[in-house]
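>>> My questions concern the predicted model and sequence given below.
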Protein chains: 2
Amino acid sequence: MTYSQKFFNSANESNPEGELAVNILVGNIIEIATAHANMLGIGNPAMAHLGAGWVLSRLTIEMTRYPKCNTSYVLKTWVENWNRHFSTRDFSVEDEAGNILGYARSVWMVLDMTTHDNFGLAHLSLPDESVCGEPCPIAPQAKHTEILPYLTSESNANPKALKANVPDAEYTFKYNDIDFYRHVNTVRYITILLNRYSLEEFDRNFVNRLELSFLHEGSFGDTVSILRHNSSPLDSAFSLVSHKTGRPVIFARLTLAPR
Amino acid sequence: MTYSQKFFNSANESNPEGELAVNILVGNIIEIATAHANMLGIGNPAMAHLGAGWVLSRLTIEMTRYPKCNTSYVLKTWVENWNRHFSTRDFSVEDEAGNILGYARSVWMVLDMTTHDNFGLAHLSLPDESVCGEPCPIAPQAKHTEILPYLTSESNANPKALKANVPDAEYTFKYNDIDFYRHVNTVRYITILLNRYSLEEFDRNFVNRLELSFLHEGSFGDTVSILRHNSSPLDSAFSLVSHKTGRPVIFARLTLAPR
């Protein structure tokens, strides 16, 4: 049981290379997931009285091409699996001619909006026939790894961790980064990550694969260190570590491919 | 001749106060304008061979309320007027029950994407009956004013200019700020402006009116001074002035109203 929606890629939603911008793709992935969940009766409106709502736990996107500016594209979504704690939802992206441009896999949990704990999915019922066996043909997300700051001394380093090999940057979460859950929004994390690259890098390369793990919530006014380990010029791992708590907020990997 | 589209306001697109976020509203205003122009045969796809495309010159939004999270809303748009240089397009925002929540007025021009000059509208033909006489019942946008930096000495000040009464801030345009035209995107300017406020300010107040004048294009890597003059705690004028050219990129006014 899949759900589809057609989108038009306008100049406003295109990147400087004339393709659908990654942040807009992620926004539309979340919108179509929301629309499908609402249609199945398991969306946020169905549990507003419980003070709980769906949040992303993990997101993996793998694209071989992006829709061009002034063309339409179709997003399809289906529920891959469902248990008491998490639900996995997949997506495909097709161009106007029906060619597959890429896939996405997302893992969702329900957040208790008062305690900000995992509320669980036990209060929601999803008929078995709503779960589609179709797998998502992209590699599973790799386990997230600790990234140590650029200036960590070797002696107190976790030997299994990556070590930042690019000087650390900083970012402070601002008003427009925060959404309904009063935490930093997924699309805004994508923005922060894309902004670590230059125009010239994206003129030469496109985002082939993006992995995002949400580890702890980021909140208004928090400053994070942006730790980055490049395993090659095209492969970067990122960890955003909160100054207030010392804990990572997200772990991400971005793999670029030459155009 | 109006064109309407229904939207759902998800948690992902809501602000921390549980309403449609202003940046998302502006994005959807641009999307419905694009869809209507394409339908009338005067959109970017109709002039892609000319290397030209529509860009916003001015935008005014006035809202008495915003759609709540998990509700639908309807945007309507119509062409108010049309001449060889500019076209004015208006919008209304309605809630699920058909109550008017607010209006927007936008002025568009066509940009030559090679020279970045005004290409004009003479090559596009719009039947007279497509122009709707219906005016937009919000006040016209005020003329933009120079804002002088916070530390300007009185002696060399333009006497007609506003003087920043809040210390200047700075922002450098990054990759994700830049769109298809390779200049800073309207929605990203809204983000930069909203980020000058605290969560607490928007918990107490909402954006009642927003005026935006696009004066010169902002480009990747440009740093701007954010000059701000508060005429009251709820009324701010902003000018973003490029360090490279010394010229203002945008002029904006934001009027908040208590919730």
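That came in fine, so what should we check first?
>>> Tell me what the residue positioned nearest the centre of chain A is bridged to.
Central residue of chain A (Cα atoms, centre = their mean): A:L59, 4.1 Å from the mean position. Beta bridges link A:L59 to A:S106, A:L212, judged by DSSP bridges.
>>> Please report how far it lies from A:L101.
17 Å (Cβ to Cβ, to the nearest Å). Glycine gets a C-beta too; all of them are placed from N, C-alpha and C.
>>> residue boundaries of the strands in the stretch 51-200 of chain A?
A:52-63, A:71-82, A:87-95, A:100-112, A:147-148, A:162-163, A:169-172 (DSSP state E, counting those that start in this stretch).
>>> JSON lines for those, including mean pLDDT?
JSON lines is the format used below for those (pLDDT from 0 to 100):
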{"stretch": "strand A:52-63", "mean pLDDT": "98"}
{"stretch": "strand A:71-82", "mean pLDDT": "97"}
{"stretch": "strand A:87-95", "mean pLDDT": "97"}
{"stretch": "strand A:100-112", "mean pLDDT": "97"}
{"stretch": "strand A:147-148", "mean pLDDT": "96"}
{"stretch": "strand A:162-163", "mean pLDDT": "94"}
{"stretch": "strand A:169-172", "mean pLDDT": "98"}
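>>> Nearest to A:G218, out of these?
strand A:169-172 (9.5 Å; Cβ to Cβ).
>>> how about the closest one as CSV, C-alpha atoms only?
Taking Å, rounded to 0.1, in the frame of the first residue of the first chain, the C-alpha atoms of strand A:169-172 are listed here in CSV:
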residue,chain,number,x,y,z
ALA,A,169,33.1,25.2,13.6
GLU,A,170,30.3,26.4,15.9
TYR,A,171,26.6,27.1,15.4
THR,A,172,24.0,28.5,17.8
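>>> is chain B contacted by it?
No: if you take Cβ under 8 Å from any Cβ of the partner chain as the test, strand A:169-172 misses chain B, and the best it gets is 9.6 Å.
>>> Could you give the separation of that strand from the chain centroid?
Its chain's C-alpha centre and that of strand A:169-172 lie 19 Å apart, by Cα atoms, centre = their mean, to the nearest Å.
>>> now for it, which elements pack on it?
Helices and strands touching strand A:169-172, by 3 or more Cβ pairs under 8 Å, 6 or more residues apart in numbering or on different chains; DSSP states H and E, are strand A:223-232.
>>> Which of the three states applies to A:F8?
strand (DSSP: H, G, I helix; E, B strand; the rest coil).
>>> mind listing what it touches?
A:F8 sits next to A:N70, A:T71, A:S72, B:E31, B:T34, B:A35, B:N38 when contact means Cβ atoms under 8 Å, 6 or more residues apart in numbering or on different chains.
>>> so the closest residue to the last one other than its chain neighbours is in which element?
Distances taken as Cβ to Cβ, 6 or more residues apart in numbering or on different chains put B:P45 closest to B:N38, at 6.0 Å, once the chain neighbours are dropped. According to DSSP states H and E, B:P45 maps onto helix B:44-47.
>>> Output the contacting helices and strands for that helix.
Counting contacts by 3+ Cβ pairs under 8 Å, 6+ apart, helix B:44-47 packs against helix B:22-39, strand B:52-63.
>>> As TSV, those with distance to B:R182 would be great.
Below are those laid out as TSV (distance: least, Cβ to Cβ, whole Å):
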stretch	distance to B:R182
helix B:22-39	17
strand B:52-63	11
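>>> Of the ones you listed, which is nearest A:E217?
helix B:22-39 (20.6 Å).
>>> Next, the angle strand B:71-82 makes with the closest one.
Direction vectors for helix B:22-39 and strand B:71-82, defined by axes from the mean of the first three to the mean of the last three Cα atoms, to 10 degrees, enclose an angle of 50 degrees.
>>> For helix B:22-39, name the packing helices and strands.
Against helix B:22-39 (3+ Cβ pairs under 8 Å, 6+ apart) you get strand A:3-9, strand B:3-9, helix B:44-47, strand B:52-63, strand B:71-82, strand B:87-95, strand B:100-112, helix B:186-194.
>>> quick one: buried residues of the fifth one?
Yep, that's strand B:71-82 we're talking about. By neighbour count with 16 or more other Cβ atoms under 10 Å in any protein chain shown, strand B:71-82 contains the buried residues B:T71, B:Y73, B:V74, B:L75, B:K76, B:T77, B:W78, B:V79, B:E80, B:W82.
>>> Any idea what the fourth one is bridged to?
Okay, so that is B:L75. Beta-bridge partners, per DSSP bridges, of B:L75: B:Q5, B:V93.
>>> For it, give me its contacts.
Applying Cβ under 8 Å, 6+ apart, we find B:L75 in contact with B:S4, B:Q5, B:F7, B:N28, B:I29, B:I32, B:F91, B:S92, B:V93.
>>> Repeat the analysis, applying 10 Å as the threshold.
B:3-7, B:25, B:28-29, B:31-33, B:35, B:91-94, B:104 (Cβ atoms under 10 Å, 6 or more residues apart in numbering or on different chains).
>>> same question, the second one
B:Y73 makes contact with B:5-9, B:20, B:25, B:28, B:66-67, B:93-96, B:99, B:101, according to Cβ under 10 Å, 6+ apart.
>>> Which residue ranges make up each domain of chain A?
Domain segmentation of chain A under automatic domain parsing yields A:3-130, A:147-258.
>>> now these in JSON lines, with distance to B:I190?
Formatted as JSON lines, the domains of chain A follow (distance: least, Cβ to Cβ, whole Å):
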{"stretch": "domain A:3-130", "distance to B:I190": "12"}
{"stretch": "domain A:147-258", "distance to B:I190": "8"}
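>>> Can you check which of these gets nearest to B:F206?
Proximity to B:F206 (Cβ to Cβ) singles out domain A:147-258 among the domains of chain A, at 12.5 Å.
>>> Figure out the length between the terminal residues of the closest one.
Counting by Cα to Cα, to the nearest Å, you get 26 Å between the two ends of domain A:147-258.
>>> Then stretch A:33-51?
Using Cα to Cα, one end of stretch A:33-51 lies 20 Å from the other.
>>> Name the residues of that stretch that are buried.
A:A33, A:T34, A:A35, A:H36, A:A37, A:N38, A:L40, A:I42, A:G43, A:N44, A:P45, A:M47.
>>> ok, now stretch A:191-199?
Residues of stretch A:191-199 classed as buried: A:T191, A:I192, A:L193, A:L194, A:N195, A:R196, A:Y197, A:L199 (neighbour count, 16+ other Cβ under 10 Å).
>>> what sits against the nearest residue to the fourth one once chain neighbours are set aside?
Spatially, and ignoring its direct neighbours in sequence, A:L194 is nearest to B:N176 (4.4 Å; Cβ to Cβ, 6+ apart). When the contact criterion is Cβ under 10 Å, 6+ apart, the partners of B:N176 are A:15-16, A:21-23, A:188, A:190-197, A:202, B:185, B:188, B:191.
>>> same deal with A:L148?
A:L148 touches A:E154, A:N156, A:A157, A:N158, A:A161, A:L162, A:K163, A:A164, A:L227, A:H229, A:S239, A:V241, counting by Cβ under 10 Å, 6+ apart.
>>> Name the nearest of the residues you listed relative to chain B.
A:L227 (18.4 Å; Cβ to the nearest Cβ).
>>> partner residues bridging the closest one?
Note on A:L227: beta-bridge partners by DSSP bridges are A:S239.
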